[in-house]
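J.: Provided below are the primary sequence and the corresponding predicted coordinates.
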Amino acid sequence: MSGFALLSIGSRAMAANYVALQTTGHNIANASVEGYSRQRVETATAASRVTASGNIGTGVDVKTVTRAHDQFLTREAANAKALAGMDSTRLESLRRLEEVFRPGEQGIGHAAGEFLNAMVDVASRPSDLSVRQVALARAGEVADRFRLAGTQLDALQADVDTSIQDAVTRANALIKGIADLNAAIQGAGQGQPPNDLLDARDRQVAELSEIVQVKTLQALDGSTSVHFAGGVALVQGGKSATLKVVPDKGDAGRLALEADENGVTRDIDPLALGGGSIAGLLRFQNDDLRNARATLGQMAVAIAGVTNEQQSLGLDLRTPAGRGAALFDIGDPLVQPGQDNQRMPGGTFVASVTLEVTDPRLVQASEYLLSADPDTGGWQVERLSDGAVFSGITSGSEFDGLRIDLGPTPPVASDRFLLQPVTYAAGSLRRVVQDPRALAAAALLTADVGADNRGTGAVAKLRLTSVDINPALDAEVVFTAASTVELRAREGGALLATGTWERGQPVAWDGDDKSLTGFDLWLDGRPEAGDVFTLAPTAHVERNNTNALAFAELRDTRFIGQVAGSGGEPEGGSTVVEAWTRALADTGVRVQAADAAAQISTAVADQAETRRAAQAGVNLDEEAARLIQYQQSYQAAAKVLQVAQVVFDTLMQTAAG
């Protein structure tokens, strides 16, 4: 019997060491496989045999093969990869966006400045057609650069669309793969962990985390459920959901995510994604790209609107001279009804909303949301850039230089409209004036000093301020005292308005009839009571440069992004150069912040992966040492078998003798 026992011990030892050699070889073979967890043979002493002489050992048993896996470290590494994926993806997109906002001579600010500088030359030679042609060319360059920037932003959106589609396709493949691995793990049977399948599932979860940040929950049957975006189930056992890319319900020009869970569609809030490349793409689309469009659009609307207004305050050089036509054309503000708004049987929306720019100086770099006011039951508009709310909105209401009109069928409480006054304005800007003679360099009106004045007052500057001013106004500004004036008709002397004058300031009129008071008159010297200054339609447009000078002054005028002051007049704002510089700075700050975030999150992800790999990865030196150890053990076990064979043969010979 002792020979058989020794044979059993030796064979068990050889089998255990053979499994250990196989496992070590498997570790060595997979040392360079990403996500592979080192495996180890777990052995236990076999049950001893009770004899009269005591308990005698029977060798060793192989209990299982385990993997060096730490669930916490694996989850930490996956979450860190998700944040790194989001930050690096957004940074890459922001660096492409930075190319749109070019500094120096290639920038929009420089082109706009060159156009307004060219008007100085027009002012010096208002009848020179070649100078006028140069000014028109500069205006065309401004429009071209805005359109180029708009086209580049459209291309960035197209890249985002493609990247999101590709990422979702890859994510769906991984989601399906995880569900399939769950099914395979559940069917592995025999009560032993299928280590390679578990590693494969962990790898796919880690890859999925780089696309969308997920949370995992281990089930008792060995499967893993995968959730994201605040609870949406992507994987449950062997069943998987499907992600879909759809147009945003509030803005068809942007993309959004949906999840199909067993036939039930759920909208995905992009703010709930947490991390992953799709979160980075959606953040870039919904924040950075939207802000860039609004910033460029605000500049385009302001430049086009104010320039066209200045054109209308002058006379061109054509025969006969006419009021200046619009220099630029720009698209109308957009209004996008929500996809869930009420519809007619044919599918068209019941309610309609229109938007109009009334004062380009007051237009802000923002989109707006028109929705029901929860407090009053009426309507409100929320400025999305800062959350400011305008309540009591009705048809004809004005805010931020915009007028809103509600259609004949009013919206219902569930309707929502996205107002986009500037979002796509840059790409639609066009110069429409082609004839250099159509450039309005002369002013509609000319001011002059009365022949019989006794004071030293002189006309310093006349600037028309309202497109409503009467171009045929023929009047006199009469000083009734040193600081009080009257505006009287030259024919008949009828009193039209009263006002006051202060040195260094234009005449301030008491009335608000812009057809009469829509001008600023600056005077030098000291007028006396009884002094008269005349206002009359400009007679010699070929020699008048007043409107060209007003054009040139726009270069240093803060007409972009103004706000309505306490008196209702625009105040604050930026010049063209200041607005462009601010846009450059904002983009640069975004890139720097994203770069810093990407560096930090990438370093954290690398450290987390290093910690995971240190615990679960294969160390070839250690495996080589174990290989020698198990080889020697295997050889020793073989020696035990050899001895057992000799003992057995001796016993057999003795028994035969």
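T.: The structure has been received and is ready for your questions. Residues are numbered from 1 along each chain as shown.
J.: pull the contacting residues for L91.
T.: Applying Cβ atoms under 8 Å, 6 or more residues apart in numbering to L91 gives the contacts 591, 594-595, 597-598. C-beta: built from backbone N, CA, C; applies to glycine.
J.: do that again at 7 Å, thanks
T.: For L91, the contact set (Cβ atoms under 7 Å, 6 or more residues apart in numbering) comprises 594-595, 598.
J.: give me the ChimeraX select line for the residues you listed, limited to the buried ones.
T.: One line in ChimeraX is enough to select the buried members of the contacts of L91, burial here meaning 16 or more other Cβ atoms under 10 Å:
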select :594,598
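J.: so which of the contacts of L91 is the closest to A233?
T.: Distances from these to A233 were compared by Cβ to Cβ; the smallest belongs to A598, at 30.1 Å.
J.: buried by neighbour count: which residues of stretch 96-109 qualify?
T.: 97, 100-102, 107-109.
J.: now swap in stretch 478-490 and tell me
T.: Under the neighbour-count criterion of 16+ other Cβ under 10 Å, stretch 478-490 has 478-479, 485-488 buried.
J.: can you pull the pLDDT of F146?
T.: Turning to F146, the model gives it a pLDDT of 96.
J.: could you report the neighbour count for it?
T.: The number of residues packed around F146, counting by other Cβ atoms under 10 Å, is 27.
J.: next: A441.
T.: When neighbours are counted by other Cβ under 10 Å, A441 comes out with 30.
J.: wait, what's in contact with it?
T.: 122-123, 126, 314, 545, 547-548.
J.: how close does it sit to E258?
T.: A441 sits 57 Å away from E258, taking Cβ to Cβ, to the nearest Å as the criterion.
J.: S371 touches Q380, doesn't it?
T.: Yes. Taking Cβ atoms under 7 Å as the contact criterion, S371 and Q380 are neighbours in contact, 6.4 Å apart.
J.: with adjacent residues omitted, what lies nearest to H69?
T.: Here the nearest residue to H69 in space, its sequence neighbours aside, is S37; by Cβ to Cβ, 6 or more residues apart in numbering that works out to 4.9 Å.
J.: hang on, that neighbour in a helix?
T.: No. Counting by DSSP: H, G, I helix; E, B strand; the rest coil, S37 falls outside a helix, being coil.
J.: how confident was the prediction at it?
T.: Looking at S37, its pLDDT is 89.
J.: that one: neighbour count?
T.: By other Cβ under 10 Å, the residues close to S37 number 26.
J.: contact partners for it?
T.: The contact partners of S37, by Cβ under 7 Å, 6+ apart, come to 67-69, 195, 199, 616.
J.: what's the spacing between it and V235?
T.: Between S37 and V235 the distance is 20 Å, computed by Cβ to Cβ.
J.: cool, and E98?
T.: If you go by Cβ to Cβ, the gap between E98 and V235 works out to 38 Å.
J.: what does E622 give?
T.: Using Cβ to Cβ, which is the criterion applied here, E622 is 35 Å from V235.
J.: tell me which of those two has more neighbours.
T.: Taking neighbours as other Cβ under 10 Å, E622 and V235 compare with V235 leading, 29 against 12.
J.: isn't that one right up against D180?
T.: No. Look at V235 against D180 with Cβ under 7 Å: they stay out of range, at 9.8 Å.
J.: residues in contact with A608?
T.: 76-77, 80.
J.: what's next to stretch 248-263, contact-wise?
T.: Under the criterion Cβ under 7 Å, 6+ apart, residues 161, 164, 232-233, 241-247, 265-268, 285-286, 336, 338-340, 416, 418 lie in contact with stretch 248-263.
J.: just to revisit the earlier point, so which of the contacts of A608 belong to helices?
T.: Among the contacts of A608, the members found in helices (DSSP state H) are 76-77, 80.
J.: with these in mind, which one is nearest to I185?
T.: Nearest to I185 among the ones in helices among the contacts of A608, with distances taken as Cβ to Cβ, is A77, at 20.5 Å.
J.: doesn't T610 make contact with that closest one?
T.: No. Using Cβ under 7 Å, A77 is not in contact with T610, being 9.0 Å away.
J.: that older thread, just the ones in strands from the contacts of S37, please.
T.: R67 (DSSP state E).
J.: identify, from the contacts of S37, the entry nearest to K176.
T.: K176 has its nearest neighbour among the contacts of S37 in D199, at 18.2 Å by Cβ to Cβ.
J.: much appreciated, bye for now.
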